[in-house]
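Chemist: With the sequence up front, the predicted model follows.
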4 protein chains.
Amino acid sequence: MDFASDNASGASPEVMAAIVAANAGFAPAYGADPWTQAAERRIADVFERECAVFLVATGTASNALALASLTPPWGAAFCHPDSHVMGDECGAPEFFSAGAKLVPVGGEGGKIDAGALREALDAFPRGVAKLVQPSALSLSQATESGSLYTPDEVAGLAGLAHERGVGVHMDGARFANALVALGCTPAQLTWRAGVDVLSLGASKNGTLACEAVVIFDPARAQDLVFRRKRSGHTLSKGRLLGAQMEAWLRDGHWLALARHANDCAAQLAAGLRDAPGVRTPWPTAVNEVFAVLPGAVDAALRAAGARYYDWPARRLPAALAPRGAERFVRLVTSFATSPQDVARFVEIAAGAGKD
Amino acid sequence: MDFASDNASGASPEVMAAIVAANAGFAPAYGADPWTQAAERRIADVFERECAVFLVATGTASNALALASLTPPWGAAFCHPDSHVMGDECGAPEFFSAGAKLVPVGGEGGKIDAGALREALDAFPRGVAKLVQPSALSLSQATESGSLYTPDEVAGLAGLAHERGVGVHMDGARFANALVALGCTPAQLTWRAGVDVLSLGASKNGTLACEAVVIFDPARAQDLVFRRKRSGHTLSKGRLLGAQMEAWLRDGHWLALARHANDCAAQLAAGLRDAPGVRTPWPTAVNEVFAVLPGAVDAALRAAGARYYDWPARRLPAALAPRGAERFVRLVTSFATSPQDVARFVEIAAGAGKD
Amino acid sequence: MDFASDNASGASPEVMAAIVAANAGFAPAYGADPWTQAAERRIADVFERECAVFLVATGTASNALALASLTPPWGAAFCHPDSHVMGDECGAPEFFSAGAKLVPVGGEGGKIDAGALREALDAFPRGVAKLVQPSALSLSQATESGSLYTPDEVAGLAGLAHERGVGVHMDGARFANALVALGCTPAQLTWRAGVDVLSLGASKNGTLACEAVVIFDPARAQDLVFRRKRSGHTLSKGRLLGAQMEAWLRDGHWLALARHANDCAAQLAAGLRDAPGVRTPWPTAVNEVFAVLPGAVDAALRAAGARYYDWPARRLPAALAPRGAERFVRLVTSFATSPQDVARFVEIAAGAGKD
Amino acid sequence: MDFASDNASGASPEVMAAIVAANAGFAPAYGADPWTQAAERRIADVFERECAVFLVATGTASNALALASLTPPWGAAFCHPDSHVMGDECGAPEFFSAGAKLVPVGGEGGKIDAGALREALDAFPRGVAKLVQPSALSLSQATESGSLYTPDEVAGLAGLAHERGVGVHMDGARFANALVALGCTPAQLTWRAGVDVLSLGASKNGTLACEAVVIFDPARAQDLVFRRKRSGHTLSKGRLLGAQMEAWLRDGHWLALARHANDCAAQLAAGLRDAPGVRTPWPTAVNEVFAVLPGAVDAALRAAGARYYDWPARRLPAALAPRGAERFVRLVTSFATSPQDVARFVEIAAGAGKD
């Protein structure tokens, strides 16, 4: 019963097989190999247009490179206060951008509010020397609270950004989960809605270590080859990345994996909602369930070996925050989650809540 | 006949099997997994002491993190002008250190000369505000010219460095090849000789993507966990790195792989020395052969599908530099090189040189 | 009637005379001159202890150097959202620290609230790799809203910081104004209350361009000589800075200048409070008056040639924010403000408000 | 007898008077004052074209801002190994550029050799990811060895740079001295010869603390306003800089000051050449005299209170290097040097050499 993170599973069998197959023989280094090239073609197919693609091994690298491509050292990148780029990367965007400022823009349920974004943009008029210059908007899709931006919402926020010359980044660590939940195409959710650079995440959804920075305007991509090399993210045996990404995108495999994870989360959320004393403060749109558990339920689950993380209660509206012995927790499912584990977890929760 | 780089091969079957095995099931993320811990224990065993270990996926990351741990932004890191950190990492050490200066210190055959090092250190007296402060000495072992420092030579250079409070880094991208060639222990070649931080390379010698920053004085290691995270080099599924490193070090596998590569290079060098018109300006100590090839030999080899790189002729003493149609080339062998390819290469070279 | 900024005046006659006197003859460069040394002695006298002193020409440099001395690139510096370091220096602290994060900690009237600080510190437990590490607390004294921390308040906040190993910086751009208003000694307001590094500002209060980074624990100061040089802030003719600082501190000149500025502000605030339709939402503690002016008053003042800046209304509590044609403005007095100008300003405001 | 540096004198009386005059009354802050605007117009007049001008207080800031405007973090700036940017600024160019690499390009007498530059450029072909990208050429005018590039030489080197898309910076710390010696116009020596950005130095030649970054292509200047602010080099009371620069350039004052300094150096060099045992290894073109002094001469001069610095003997060709008790020294004259001091210095040298 491991619901700690979608990082807790390995690669899918299909992806693992692709790594093994690609391992044989000699190949050119540093991304000039055929697997990397095939992966780039698949990304172009999936997104229905040419893009500049930079494969890397971690989501932090992908986000930080993407933001650095949009934000000069004296730039401001607007992001949600709960976003991964703001709080979970030990300042990687600041490092890669040589000192840009991440400006928090709030909103309910992990989503940036359009009014708050407009206000934030107004607070940084372009050309005033004492102010960092508005440069990037970063949207997490899905968000760190498991919520989603619809294509229209993305387009609305991106429109505000573009009016001010601000580029739009999407942190797609759970992009496949979002796609499946929203039922739209990759193009609709990204460049057609105004996204300039996507961090396409695969590591949380079926690969071992593979992410892609996807730049929809190739003209903006010319520095990234140097930024990637200089940050140590150009793998010498690039086939490791190329093989993973190619197999992951092949025949809708990525979407099938995400669908499974989402379905498990939906089942988990439904079960918990019925469990006595348990509250699920946010809707479950993708593969993350947030729950306020009674102390006894939490204790019973952990005693049974369940793994999951406490989540910062300050992210909840006061009315929904845990009281007394209650715990606010995050439960994450993945392609590897077994429905049996979900059922057992729900059963324990329901049983413990009754007491 | 791929002699382009030891990056052109994949992982050894043993290492690949370890990755596959580690892929199954759930595991804690970010290096808290059992494979990473086992790898750390193996490194302590192999080096005969406790060390702080930071696994990363690339040699550039390993070198840059290691140098940044020794060099403040206003520091000088002394390295050979032909070294990888100086010329092949697009300024990664400068990036990770927030702008330190790499100061070239020359010497024959890719090795830093003790007299030149003393002079360079003298040129940067500590405490003079206008001067970057002497902070790190970086030695490549083996060097980019395929030469070696003996443990005594390491100790001599490290002694000069330590006298001035300068830390010692070893770029061990080909550390196993050096060990096998020198016939000494890992401890003798590193901390016993004064090395403070080792970049232990495995990617060129049997893993897919795995390197370790090994810090012998754990007190100097405390910042690296943040530096690694912030640079995007903390893999979420850390087992990918742990499994490779553990399998690679198990039962002397790393040394066996390196021995094969070195033996192939020795065979190649011996064959080329006898080939008409071919010169090998430097001795072949590890798995790199440097040769000046007559134009016809080069053409015949490439026509036969051999892959290898031209090498900068300016690195050779004038007396040995290529003349006319001659080409100065580097040939690299690896654990995956087949003796048949070596023999065929030599045969073609010998044949073409006769004409 | 220039109330735009305390930067709008020049140097006091005494300070100007000192510059002229110091200009004669030859002197050692880069701060080895007698004026700089005399300034350092004066600072030690004034603060009743040895300190490491680094003179620079701008407040931005002083703040950024001070914060960089406390905050590693992966560090968090806690500061008020309205503080100068957060919003008015185009990311200088991020630049000098190589990418640290400034974390906003709120509070009424420009002052950091102790509860908010405790929460912020709690949100960054030390040693968690994904989190920037709590490193510095920056307090503005006086604040950007013209309010003050008492020595006890400084000690309270500094105590919270020190409990977590967080260093304490004071942005003293208006330190003399604060001293005069609080009636305490420099020592009481700084190191005795837990301040580790002070940015002692003089440029807003009687010098042309002179600030001092004052480090109370000389052991923490050793890198600053390199940071200052490397950032281009070591003046070759250091006497320019030394002469200003020495003359400014001599015989309580700095306090006399600040007292005049504070008195003018008090007179201005008192006059405005009586003017029909004018509101002063915050108390006037030092040399800044914040006022909500009716549109007609604002128009009359500007027509009469008065200079002052609009101030961001979002900094006011909603209940006090300007409505309709009202303007929220900041009025700053300095050592050079004439009581006549103050009286005239008040008279125009009172007259226009009546109509 | 202070020949330590042209930094050892203060401002000229004319410049000092301008500072005093500008000090009176109120003025807009941050460079919006009339003195700064007048200085900008003077620079446009003197250089016979519109330029973007950024006044700062130090030469290090001026050089580092200029180089950062040309060099991305992954860029290479080519400069002489003895240049100020390479060796005397504690890594300021690396800091301001966020980690660019300064690549040494040699040449006799402090001047970059065209052949060496061509080789260096060839070693950094554009677009190879592992290589820092060729971005800037920095020429010191006059050089740190007191030598000069003629306009034709500047044009030749700039042409090589521009062919590769490399921008050209001139470190003009002693630009006025160079102009006077070469007898050409400011335009001839800069943009007409291919210089893109000039660091126009005044602090060594009659101001207290004033330098200008002059960008001849205003399109390249748009980031500098943020870079300057962010590095703390935007003085709040900008009139201090504007007044100095305006007075310095007015009516050829800067050239008159430089001419005096050059004349004193010529007189000094002539005298020393005749002194027994003294050698002047390099010609004296501007206001620096380099001499190898017999030990007794050196001792006699220092005993008489003369101030000057030893200079690194490694900068001399071996045949000219000091032997035995000889000292290699640098003697610098300035606008404030008295001919009497020069005569006395020569007399002591001549007398001591006879013994």
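Modeler: Alright, I've got the coordinates.
Chemist: Near chain B, which residues of the stretch 51-200 of chain A are found?
Modeler: A:56-62, A:64-65, A:89-92, A:95-96 (Cβ under 8 Å from any Cβ of the partner chain). Just so you know, the C-beta spots here come from the backbone N, C-alpha and C atoms, and that holds for glycine as well.
Chemist: how about those residues, which pair is most distant?
Modeler: A:Ala57 and A:Gly91 (19.0 Å; Cβ to Cβ).
Chemist: Quick check: phi and psi on A:Gly87?
Modeler: phi -120, psi -10 (degrees, to the nearest 10).
Chemist: What residues does it make contact with?
Modeler: A:Pro81, C:Lys130, C:Leu131 (Cβ atoms under 8 Å, 6 or more residues apart in numbering or on different chains).
Chemist: hmm, which of these are the buried ones?
Modeler: A:Pro81, C:Lys130, C:Leu131 (16 or more other Cβ atoms under 10 Å in any protein chain shown).
Chemist: Adding pLDDT, secondary structure and distance to C:Val180, write these out as JSON lines.
Modeler: Shown next, in JSON lines, are the buried ones among the contacts of A:Gly87 (pLDDT from 0 to 100; DSSP: H, G, I helix; E, B strand; the rest coil; distance: Cβ to Cβ, whole Å):
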{"residue": "A:Pro81", "pLDDT": "97", "secondary structure": "coil", "distance to C:Val180": "38"}
{"residue": "C:Lys130", "pLDDT": "97", "secondary structure": "coil", "distance to C:Val180": "45"}
{"residue": "C:Leu131", "pLDDT": "97", "secondary structure": "coil", "distance to C:Val180": "40"}
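Chemist: Which one of the residues you listed is nearest to B:Trp74?
Modeler: C:Leu131 (26.7 Å).
Chemist: Not counting sequence-adjacent ones, nearest residue to that closest one?
Modeler: Of all residues not flanking C:Leu131 in the chain, C:Phe124 sits nearest, at 5.3 Å (Cβ to Cβ, 6 or more residues apart in numbering or on different chains).
Chemist: if you go through the stretch 1-150 of chain A in chain order, where are the strands?
Modeler: A:52-56, A:75-79, A:101-104, A:133-140 (DSSP state E, counting those that start in this stretch).
Chemist: give me every residue that touches A:Leu189.
Modeler: With Cβ under 8 Å, 6+ apart, A:Leu189 has these contacts: A:Gln141, A:Pro151, A:Val154, A:Met170, A:Phe175, A:Ala178, A:Leu179, A:Leu182, A:Val195.
Chemist: surely the first one meets A:His169?
Modeler: This means A:Gln141. No. Contact between A:Gln141 and A:His169 fails when scored by Cβ atoms under 8 Å: they sit 10.3 Å apart.
Chemist: Check whether stretch A:39-47 comes near chain D.
Modeler: No. For stretch A:39-47, no contact with chain D is found by Cβ under 8 Å from any Cβ; the gap never falls below 15.8 Å.
Chemist: residues making contact with that stretch?
Modeler: For stretch A:39-47, the external contacting residues (Cβ under 8 Å, 6+ apart) are A:50-51, A:53, A:55, A:186-187, A:190-191, A:200, A:212, A:214, A:216, A:241-246, A:249-250.
Chemist: try 6 Å
Modeler: A:Glu50, A:Val53, A:Pro186, A:Ala187, A:Gly242, A:Met245, A:Glu246, A:Leu249 (Cβ atoms under 6 Å, 6 or more residues apart in numbering or on different chains).
Chemist: Show the pLDDT at A:Asp355.
Modeler: With respect to pLDDT, A:Asp355 scores 60.
Chemist: do the same with A:Ile43
Modeler: 98.
Chemist: Please apply the same query to A:Asp6.
Modeler: Confidence score, pLDDT, at A:Asp6: 91.
Chemist: quick revisit: export the strands of the stretch 1-150 of chain A to JSON lines and tack on mean neighbour count and mean pLDDT?
Modeler: Putting those into JSON lines (neighbours: other Cβ atoms under 10 Å in any protein chain shown; pLDDT from 0 to 100) gives the following:
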{"stretch": "strand A:52-56", "mean neighbour count": "25", "mean pLDDT": "98"}
{"stretch": "strand A:75-79", "mean neighbour count": "26", "mean pLDDT": "98"}
{"stretch": "strand A:101-104", "mean neighbour count": "24", "mean pLDDT": "98"}
{"stretch": "strand A:133-140", "mean neighbour count": "27", "mean pLDDT": "98"}
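Chemist: returning to what we had before: so among the contacts of stretch A:39-47, which ones count as buried?
Modeler: A:Val53, A:Pro186, A:Ala187, A:Gly242, A:Met245, A:Glu246, A:Leu249.
Chemist: Pick the one among the residues you listed closest to chain B.
Modeler: A:Gly242 (11.8 Å; Cβ to the nearest Cβ).
Chemist: residues in contact with that closest one?
Modeler: Contacts of A:Gly242 by Cβ under 6 Å, 6+ apart are A:Asp33, A:Trp35, A:Thr36, A:Ala39.
Chemist: repeat for A:Val103
Modeler: Going by Cβ under 6 Å, 6+ apart, A:Val103 touches A:Ala76, A:Phe78.
Chemist: do you know how far whatever residue of the stretch 151-300 of chain A ends up closest to chain B is from B:Ala57?
Modeler: When scored by Cβ to the nearest Cβ, the stretch 151-300 of chain A has A:Gly232 as its residue closest to chain B, at 3.1 Å. Going from A:Gly232 to B:Ala57 by Cβ to Cβ, to the nearest Å gives 8 Å.
Chemist: coming back round to it: so which of the contacts of A:Gly87 comes closest to chain B?
Modeler: Checking the contacts of A:Gly87 against chain B by Cβ to the nearest Cβ gives C:Lys130 as the nearest, at 6.0 Å.
Chemist: Might you enumerate the residues of the stretch 151-300 of chain A proximal to chain D?
Modeler: A:Val225, A:Phe226, A:Lys229, A:Arg230 (Cβ under 6 Å from any Cβ of the partner chain).
Chemist: Okay, now the unreliable bits of the stretch 51-200 of chain A?
Modeler: Of all residues in the stretch 51-200 of chain A, none has pLDDT under 70.
Chemist: which parts of it sit against chain C?
Modeler: A:Trp74, A:Asp88, A:Cys90, A:Gly91, A:Glu94, A:Phe95, A:Gly99, A:Lys101, A:Lys130, A:Val132.
Chemist: Let's check: the centremost residue of chain A is which one?
Modeler: Nearest residue to the geometric centre of chain A (Cα atoms, centre = their mean): A:Ala173, 2.2 Å.
Chemist: for the residue nearest to A:Thr333 when sequence neighbours are not counted, what are its contacts?
Modeler: Nearest residue to A:Thr333 in three dimensions, chain neighbours excluded: A:Cys264, at 3.9 Å (Cβ to Cβ, 6+ apart). Contact analysis of A:Cys264 by Cβ under 6 Å, 6+ apart lists A:Thr333, A:Thr337, A:Val342.
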